[in-house]
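>>> What follows is a predicted structure for the sequence shown.
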Amino acid sequence: MNQQLDALLYQETNVITNLANASALINDTYEDLNWSGFYLYNYKTGELDLGPFQGKVACMHIKVGSGVVGTAYKDQSIHRVANVHEFPGHIACDSASNSEIVVPITKDGKKIGVLDIDSPSLDRFTEDNEVELAEFVKILASHMEN
């Protein structure tokens, strides 16, 4: 999947275009998902705004430090949550989501946002998924303009 992403985004620097295709690639590659997409940090509002995604309608704004998405962004660390209903302050944008993985996106030290993936199954995401998605985000960031 990561080699495919790198080839797919070759010579394309438009952030929205790249994020749209990246979310589609995840959605096509991984099974048992109900949402895959991005939240981007808005430096004017200090919140994370909904970006390109695949899935049902989603929360449009998430405060830094709120829910899995906001916490992963604040901590700048991957959060792999086996049961989101047990995560303190979980934001239920889709009540069908039961597990989640969120990977922060940075480029040249600048915090851009996060990759967020949800599943209706409990404990859907593995350590191998975490490693693969961390590399996915690095490749994606390399195709973004500063």
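Yep, it's here. Numbers count the residues shown, from 1 in each chain.
>>> So which residues of the chain form strands?
In the chain, the strands defined using DSSP state E lie at 35-42, 47-55, 61-63, 79-81, 99-107, 110-119.
>>> Indicate which one of those strands is closest to residue 10.
strand 99-107 (17.3 Å; C-beta to C-beta). For glycine as for every other residue, the C-beta is placed from the backbone atoms N, C-alpha and C.
>>> could you say what helices and strands that closest one packs with?
When contacts are defined as 3 or more C-beta pairs under 8 Å, 6 or more residues apart in numbering; DSSP states H and E, strand 99-107 sits against helix 67-75, strand 79-81, strand 110-119, helix 127-142.
>>> quick one: buried residues of that strand?
Buried positions in strand 99-107, judged by neighbour count with 16 or more other C-beta atoms under 10 Å: 99, 100, 101, 102, 103, 104, 105, 107.
>>> With distance to residue 55 and pLDDT as extra columns, can I get those in JSON lines?
Shown next, in JSON lines, are those (distance: C-beta to C-beta, whole Å; pLDDT from 0 to 100):
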{"residue": "99", "distance to residue 55": "14", "pLDDT": "96"}
{"residue": "100", "distance to residue 55": "12", "pLDDT": "96"}
{"residue": "101", "distance to residue 55": "14", "pLDDT": "98"}
{"residue": "102", "distance to residue 55": "14", "pLDDT": "98"}
{"residue": "103", "distance to residue 55": "16", "pLDDT": "98"}
{"residue": "104", "distance to residue 55": "20", "pLDDT": "98"}
{"residue": "105", "distance to residue 55": "18", "pLDDT": "98"}
{"residue": "107", "distance to residue 55": "25", "pLDDT": "94"}
